[in-house]
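S.K.: Have a look; sequence and predicted model below, questions after that.
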Amino acid sequence: MAPAAGNLAPAESAADQAVATSVVADPHGIAEADIEQLAALQRDGKLSSVQLTQAYLDRIAALDDAGPTLNAVIELNPNALLEAGRLDAERKAGKLRGPLHGIPVLIKDNIDATPMVNSAGSLALAEHRPKTDAPLVVALRSAGAVILGKTNLSEWANFRSTHSMSGWSARGGLTRNPYALDRSACGSSSGTGSAIAASLAAVGVGTETDGSILCPAAMNGLVGLKPSVGLISRAGIIPISASQDTPGPMTRSVADAARLLSVMAAADAGGDAAAKAASGHRLDDYTSALDPGALKGARIGFLHESGVGYQRELNAALERAIATLRKAGATVIDVEIPTAGQWDEAEYEVLLYEFKDGLQRYLRDSNAPLRSLDEVIAFNRAHADRELHYFGQEHFERAAKRGPLSDARYRQAAAKARRLAGAEGIDAVLKRHKLDALIAPATGPSFIVDPINGDHFNGAGYGAAAVAGYPSLTVPMGDAQGLPLGLVFMGPRWSDARLLSLGYAFEQATQARTPPRYRSTLSP
């Protein structure tokens, strides 16, 4: 599952990869299948959860460990087949836990899930085995999901260095984009994005602070939902920011994102104050909000100046997407967020303060082998040959110098960031133009992995929602020479159901997602 951390070269030639992927057996037709289809196969007695789980394990062996060597799965749950067998026995006895009964799920390696390690990709936590599941994992298992394993990520959820290489961790190595193996899977939920794109599980869970669900979902041809902060409990997750962090679904369809959200949003708060405050804003079933006609009469603002750099094929895809929205009955107008980018400095200050506070709290409460940010920094220096080989830990070093959350500097930055992105940002634009949602490109096409210079990021259209703590949803809208492109829908706090409905209508009208081809490169 995880080659040596320094192994960055594509494993095979394009011809070899084509052969390897063509012989992956799929007797049950699980590739690209959604939760509803997989549940129907089990209900009709055509496929057991054990068989389904084994089929995904076989795909992981063929595509993740061998063949294209995606390196998306960092650890398998040793009890996965046992858990699946128990669920089969329950089904046979007439007990069904819910819509996820017997469905294998992959989760990001910053979420507590027994008996596996929770490491954030760091060697410092490579032996850290939490004793209990995160509340969202408890909810998934209670709903009948099989926790298949954990996915690789950008180490420490991409909050270690100013020159990081997305998709790489010292523990897990480099995750590859299944659409072109020399291109970035983005991050930090890189492994979840790559794995679900390649159908290594039915659905996956990522986490986001600012783009860590949206970017890998878009670059791997997936639907990715960053819920309103607090809608899903963050307890038991290695944190960056209490203001912005949230787990969320990464799936091959909007309907599956809604199904997964319904289960995760029902998780116990687990001591998460934001999750407790969200109690009156959850739906029991987010699929009930899905409407293929939702775009009719909707008013949508297109952020023409989204922060994503010009790219010819991206612009063409945006033009087609807007035409589709209008054909489906939506009014689309050009708008701008007048405060765009003005929150950047304040956001960074908030992340530095909250990362130090939240990480040290997590390390202490989970009885981790290291107990402070200073200890993690020292560990990285002591193991620089493996941990700091490609990039440094500038964010860590700056965060270590910050004081407690009672500092006036922190409180002022937090208030400024929320105001500029929220009340004076998204809220102001929606109110002024009487809009239901905003749209923008998620980001540009995937860029080539560069271990020397780091990511060649082309900008993002989702930043305002991340900083404000509002929901955002990316849906496939096309491609650039086979590299997926995503369209982001953003709305006010607690508009998750509305965004899912708009995204569902767009998805049904476009059917833009295409399966990956595992090419080694785009070059002719």
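M.R.: Structure's in. What do you need? Numbers count the residues shown, from 1 in each chain.

S.K.: who touches the longest helix along the chain?
M.R.: Ranked by number of residues, the top helix in the chain under DSSP state H is helix 344-365. With contact meaning Cβ atoms under 8 Å, 6 or more residues apart in numbering, helix 344-365 is reached by 159, 209-210, 237-245, 368, 370-373, 376, 395, 398-400, 402-405, 407, 409-410, 412-414, 416-417, 420-421, 467. From N, CA and C alone the C-beta is placed, and that goes for glycine too.

S.K.: can you dump the C-alpha coordinates of that helix into PDB?
M.R.: C-alpha atoms of helix 344-365 as PDB (Å, rounded to 0.1, in the frame of the first residue of the first chain):
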ATOM      1  CA  ASP A 344      -6.000  36.000   3.700                       C
ATOM      2  CA  GLU A 345      -3.700  37.500   6.300                       C
ATOM      3  CA  ALA A 346      -6.300  37.200   9.100                       C
ATOM      4  CA  GLU A 347      -7.100  33.600   8.100                       C
ATOM      5  CA  TYR A 348      -3.500  32.600   8.300                       C
ATOM      6  CA  GLU A 349      -3.100  34.100  11.700                       C
ATOM      7  CA  VAL A 350      -6.200  32.200  12.900                       C
ATOM      8  CA  LEU A 351      -4.800  28.900  11.500                       C
ATOM      9  CA  LEU A 352      -1.500  29.400  13.300                       C
ATOM     10  CA  TYR A 353      -3.100  30.000  16.700                       C
ATOM     11  CA  GLU A 354      -5.800  27.300  16.300                       C
ATOM     12  CA  PHE A 355      -3.400  24.700  15.000                       C
ATOM     13  CA  LYS A 356      -1.200  24.900  18.000                       C
ATOM     14  CA  ASP A 357      -4.100  24.900  20.500                       C
ATOM     15  CA  GLY A 358      -6.000  22.200  18.700                       C
ATOM     16  CA  LEU A 359      -3.100  19.800  18.000                       C
ATOM     17  CA  GLN A 360      -1.800  19.900  21.500                       C
ATOM     18  CA  ARG A 361      -5.300  19.200  22.800                       C
ATOM     19  CA  TYR A 362      -5.700  16.300  20.500                       C
ATOM     20  CA  LEU A 363      -2.300  14.800  21.300                       C
ATOM     21  CA  ARG A 364      -3.000  15.000  25.000                       C
ATOM     22  CA  ASP A 365      -6.600  13.700  24.900                       C
END
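
S.K.: next SSE after the helix or strand containing residue 249?
M.R.: Element membership for residue 249 (DSSP states H and E) is strand 246-251. Using DSSP H and E, the helix or strand that follows strand 246-251 towards the C-terminus is helix 254-264.

S.K.: could you show me where the helices are in the stretch 151-300 of the chain, in order?
M.R.: 190-197, 214-219, 254-264, 273-277 (DSSP state H, counting those that start in this stretch).

S.K.: Can you mark which positions in the longest helix of the chain are buried?
M.R.: Buried residues in helix 344-365, counted by 16 or more other Cβ atoms under 10 Å: 346-347, 349-360, 362-363.

S.K.: what do you get for stretch 296-306?
M.R.: Buried positions in stretch 296-306, judged by neighbour count with 16+ other Cβ under 10 Å: 298, 300, 301, 302, 303, 306.

S.K.: ditto for stretch 281-296
M.R.: 282, 283, 286, 287, 289, 290, 294, 295.

S.K.: now what about it, what contacts it?
M.R.: By Cβ under 8 Å, 6+ apart, stretch 281-296 touches 228, 231, 254-255, 258-259, 261-262, 265-266, 325, 328-330, 494, 496-498, 500-502, 504-506, 508-509.

S.K.: again with stretch 383-393
M.R.: Stretch 383-393 is touched from outside by 5-6, 122-124, 160-165, 168, 170, 377, 379-381, 451, 454, with contacts defined as Cβ under 8 Å, 6+ apart.

S.K.: Look up how far residue 149 lies from the closest residue to residue 58 other than its chain neighbours.
M.R.: Counting by Cβ to Cβ, 6 or more residues apart in numbering, residue 58 lies nearest to residue 25, which is 6.9 Å off, once chain neighbours are set aside. To residue 149, residue 25 is 20 Å away according to Cβ to Cβ, to the nearest Å.

S.K.: The two: who's more crowded?
M.R.: residue 149 (29 against 9; other Cβ atoms under 10 Å).

S.K.: hmm, back to that, now the buried members of the contacts of helix 344-365.
M.R.: Those of the contacts of helix 344-365 that meet the buried threshold are 159, 209-210, 237-245, 368, 370, 373, 376, 395, 398-400, 402, 410, 413-414, 416-417, 420-421, 467, by 16+ other Cβ under 10 Å.

S.K.: Point out where the stretch 201-350 of the chain drops to low pLDDT.
M.R.: By pLDDT under 70, the stretch 201-350 of the chain has no low-scoring segment.

S.K.: nope, the chain is what I was after
M.R.: For the chain, the stretches with pLDDT under 70 are 1-23, 524.

S.K.: wait, what's in contact with the residue nearest the centre of it?
M.R.: Centroid check for the chain by Cα atoms, centre = their mean gives residue 213 as the closest residue, at 2.8 Å. The contact partners of residue 213, taken as Cβ under 8 Å, 6+ apart, are 189, 206, 207, 224, 225, 226, 248, 250.

S.K.: Give me the spatial nearest neighbour of residue 482, chain neighbours excluded.
M.R.: residue 179 (6.0 Å).

S.K.: For residue 161, see how far away that neighbour is.
M.R.: Counting by Cβ to Cβ - residue 179 and residue 161 are separated by 26 Å.

S.K.: Compare neighbour counts for the two and give me the winner.
M.R.: Taking neighbours as other Cβ under 10 Å, residue 179 and residue 161 compare with residue 179 leading, 27 against 20.

S.K.: Wait, the more buried one touches residue 517, no?
M.R.: Yes. If you go by Cβ atoms under 8 Å, residue 179 and residue 517 touch, sitting 6.7 Å apart.

S.K.: can you list residues touching both of these two?
M.R.: Joint contacts of residue 179 and residue 517 (Cβ under 8 Å, 6+ apart) are residue 482.

S.K.: Am I right that residue 180 is in contact with residue 483?
M.R.: Yes. Counting by Cβ under 8 Å, residue 180 does reach residue 483; the two are 6.4 Å apart.

S.K.: Spit out the residues that contact the two alike.
M.R.: With Cβ under 8 Å, 6+ apart as the test, residue 180 and residue 483 both reach 446, 522.

S.K.: and stretch 453-465, how far apart are its ends?
M.R.: End-to-end distance for stretch 453-465, by Cα to Cα, to the nearest Å: 28 Å.

S.K.: who touches that stretch?
M.R.: By Cβ under 8 Å, 6+ apart, stretch 453-465 touches 161, 163-166, 184, 210-211, 214-215, 226, 303, 306-309, 311, 337, 340, 343, 391, 421, 425-426, 440-445, 447-448, 450, 470-472, 474, 488, 490.

S.K.: Now which of those residues would you call buried?
M.R.: Neighbour-count burial (16+ other Cβ under 10 Å) is assigned, among the contacts of stretch 453-465, to 161, 164-166, 184, 210-211, 214-215, 226, 303, 306-308, 311, 337, 340, 343, 391, 421, 425-426, 440-445, 447, 470-472, 474, 488, 490.

S.K.: which parts of stretch 503-515 are buried?
M.R.: Quick answer for stretch 503-515 (16+ other Cβ under 10 Å): 503, 504, 505, 506, 507, 508, 510, 512, 513.

S.K.: For those, which two are the farthest from each other?
M.R.: 505 and 513 (15.1 Å; Cβ to Cβ).

S.K.: returning to what we had before: any chance of the buried residues of stretch 281-296 in CSV, plus distance to residue 113?
M.R.: Shown next, in CSV, are these (distance: Cβ to Cβ, whole Å):
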residue, distance to residue 113
282, 22
283, 25
286, 23
287, 25
289, 28
290, 28
294, 34
295, 37
